[in-house]
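[1] Please work out how this folds:
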Amino acid sequence: MTRVYNFSAGPAVLPEAVLKQAANELVEYKDAGMSVMEMSHRSKAFDDIIQSTETLLRELMKIPANYKILFLQGGASSQFSMIPMNLLKDNKKVDLIHTGTWTKKAMEEIKRYGSLNIVGTSEDKNFSYIPKIDKSKFSKDASYFYICSNNTIEGTRYTAFPETGNIPLVADMSSNILSEVMDVSKFGIIFAGAQKNIGPAGLTIVIIREDLIGKSMDITPVMFNYAIHAENKSLYNTPPTYGIYMAKLVFEWLKQLGGIPGMQKINEDKANILYNYIDNSAMFKSPIAKEDRSIMNVPFTATTKELEEKFLKEAPKAGLVQLAGHRSVGGMRASIYNAMPVEGVKKLVDFMKKFEMDNK
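    Have a look, this model is predicted:
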């Protein structure tokens with residue numbers, strides 16, 4: 001069976017070259033005589049892997065020296081609790097822009113530990129846009145300002161980030177990290193689950209400014225304390241070793257493509273191919289405000305539910321899978337992360353054109 005084009009929102013497609021390299025090294029990694037999955041996280045071989053992974057990520061994202069990179073577990077969802085536990089010790093107030101499912105989950109956890117000031121929301125139009133922000137609504141004494149930079153389910157993204165001054169900006173970048181050039185110095189914390197643009201599920205990456213470490217609440221469990229992980233260089237406990245190794249391979253692949261600037265150009269081209277067709281289609285439609293459309297996750301609908309069901313039934317026969325929209329919104333969704341080749345998007349558009357012609 002040939003590989004399909006996998007448009008899953010996560011766990012998502014991985015670069016084929018990376019999978020082949022991992023397969024070649026699966027049983028024996030270089031001269032270690034064993035698989036990465038078998039080796040001690042305290043070994044010299046794994047120390048080289050984790051250090052190389054951090055060096056590559058710093059280079060790709062141009063991460064300043066005063067930021068720590070933590071390789072953790074628990075998924076991005078664990079950060080919904082970990083962030084307030086580590087930042088709300090002295091002042092328990094958070095500013096937040098509510099843009100969908102993932103900010104809602106973060107809000108639920110923030111409310112356990114402090115107060116929440118929603119400075120903007122797009123709930124009035126089913127989160128189909130990024131709200132314009134009135135700075136007069138910002139709290140002058142918030143501990144941090146929280147956003148989700150790309151909304152996987154709703155299909156929106158920030159094209160410009162809020163200017164929060166001395167208030168640390170915290171961003172969930174799970175679904176668009178490494179997809180476009182971003183200035184890390186604008187953020188206090190960036191975090192991301194790996195299973196979209198970094199590697200397999202199981203690894204969570206946190207990029208945190210050093211001055212935000214060491215301020216945890218007294219109730220914070222050891223495993224939720226950033227200071228513990230920073231002091232131990234992500235080796236306080238056994239980290240997701242194979243996930244870190246896979247991330248290294250993805251970072252190497254990304255570097256070969258021209259780094260993030262090169263990847264951004266490819267991603268913009270892919271998104272333009274798909275959106276241009278949808279915008280000129282009589283059958284398919286994007287529900288998202290044009291200025292706020294994600295270049296990673298593209299939700300779209302058809303003129304009837306019956307056509308949507310037929311589309312989702314026939315697409316796998318053409319080698320196009322995981323195109324159903326999230327269960328909370330329905331419709332269709334094409335997640336076109338870094339590892340999705342241009343050819344996959346072109347094949348999707350060709351299928352959509354034929355489907356539209358055959359179902360007039």
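[2] Where does pLDDT dip in the protein?
    Along the chain, the parts satisfying pLDDT under 70 run over 1.
[3] quick one, domains of it?
    16-256, 259-358 (automatic domain parsing).
[4] Sketch out the strands for the protein, chain order is fine.
    Per DSSP state E, the chain carries strands over the ranges 5-6, 67-72, 93-98, 115-121, 144-148, 150-151, 156-157, 169-172, 189-193, 204-209, 297-300, 320-321, 332-335.
[5] distance of the closest residue to residue 315 other than its chain neighbours from residue 355?
    Nearest residue to residue 315, sequence neighbours excluded (Cβ to Cβ, 6 or more residues apart in numbering): residue 323, at 5.2 Å. Every C-beta, even on glycine, is put in place using the N, C-alpha and C of the backbone. Distance, residue 323 to residue 355, using Cβ to Cβ, to the nearest Å: 11 Å.
[6] And for residue 104?
    33 Å.
[7] Look at those two and report which has more neighbours.
    Ranked by neighbour count (other Cβ atoms under 10 Å), residue 104 and residue 355 place residue 355 first, with 18 against 13.
[8] Now do the contacts for that one.
    Taking Cβ atoms under 8 Å, 6 or more residues apart in numbering, we find residue 355 in contact with 283, 311, 314.
[9] So which of the residues you listed wins on neighbours?
    Busiest of these [other Cβ under 10 Å] is residue 311, holding 23 neighbours.
[10] Quick check: that one touching residue 300?
    No: shown here, residue 311 and residue 300 do not form a contact pair, counting by Cβ atoms under 8 Å, at 9.8 Å.
[11] Which neighbours do those two have in common?
    residue 332.
[12] count of neighbours near the residue lying closest to residue 227 once chain neighbours are set aside?
    Closest residue to residue 227 in three dimensions, ignoring its sequence neighbours and counting by Cβ to Cβ, 6+ apart: residue 214, at 4.7 Å. Using other Cβ under 10 Å, residue 214 is surrounded by 13 other residues.
[13] Same question for residue 67.
    Neighbourhood size, residue 67 [other Cβ under 10 Å]: 20.
[14] In contact with it, which residues?
    Counting by Cβ under 8 Å, 6+ apart, residue 67 touches 184, 207, 208, 209, 210.
[15] Give the closest residue to residue 146 in space, chain neighbours not counted.
    In this structure, residue 146 finds its nearest non-sequential neighbour in residue 96, 4.4 Å apart by Cβ to Cβ, 6+ apart.
[16] Show me the beta-bridge partners of that neighbour.
    Taking DSSP bridges as the rule, residue 96 bridges to residue 118, residue 146.
[17] what sits against it?
    The neighbours of residue 96, taking Cβ under 8 Å, 6+ apart as the test, are 103, 106, 107, 110, 116, 117, 118, 119, 145, 146, 147.
[18] quick revisit: find residues that contact each of residue 323 and residue 355.
    Common neighbours of residue 323 and residue 355 (Cβ under 8 Å, 6+ apart) are residue 311.
[19] ok so, going back, correct me, but the residue nearest to residue 315 touches residue 312?
    Yes: between residue 323 and residue 312 there is a contact under Cβ under 8 Å: 6.1 Å.
[20] Pick out whichever of those two has more residues nearby.
    Taking other Cβ under 10 Å, residue 323 and residue 312 do not tie; residue 323 has more neighbours (22 against 18).
[21] how near is that one to residue 305?
    For residue 323 relative to residue 305 (Cβ to Cβ), the value is 15 Å.
[22] now do residue 110
    Residue 110 sits 36 Å away from residue 305, going by Cβ to Cβ.
[23] okay, these two: which has more neighbours?
    More crowded of residue 110 and residue 305, by other Cβ under 10 Å: residue 110, with 25 against 11.
[24] Just put the contacts of residue 96 in a markdown table and tack on distance to residue 40.
    Output for these, formatted as a markdown table (distance: Cβ to Cβ, whole Å):
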| residue | distance to residue 40 |
| --- | --- |
| 103 | 39 |
| 106 | 35 |
| 107 | 40 |
| 110 | 38 |
| 116 | 43 |
| 117 | 46 |
| 118 | 46 |
| 119 | 47 |
| 145 | 40 |
| 146 | 37 |
| 147 | 38 |
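[25] Just the buried residues of these.
    Among those, those classed as buried by neighbour count (16 or more other Cβ atoms under 10 Å) are 103, 106, 107, 110, 116, 119, 145, 146, 147.
[26] Could you pull up the residues touching the third one?
    Applying Cβ under 8 Å, 6+ apart, we find residue 107 in contact with 96, 98, 116, 118.
[27] Could you rerun that using 10 Å?
    Taking Cβ atoms under 10 Å, 6 or more residues apart in numbering, we find residue 107 in contact with 80, 94, 96, 98, 116, 118, 146.
[28] Likewise for the fifth one?
    The contact partners of residue 116, by Cβ under 10 Å, 6+ apart, come to 84, 92-96, 98, 106-108, 110, 142, 146.
[29] go with 8 Å
    93, 94, 96, 107, 110.
[30] Closest one to residue 6 out of those, please.
    Using Cβ to Cβ, residue 107 is the member of these that lies nearest residue 6, at 31.0 Å.
[31] where's the closest one relative to residue 281, distance?
    From residue 107 over to residue 281 the distance is 36 Å, taken as Cβ to Cβ.
[32] now swap in residue 313 and tell me
    Distance from residue 313 to residue 281, by Cβ to Cβ: 19 Å.
[33] Fine, thanks again, bye for now.
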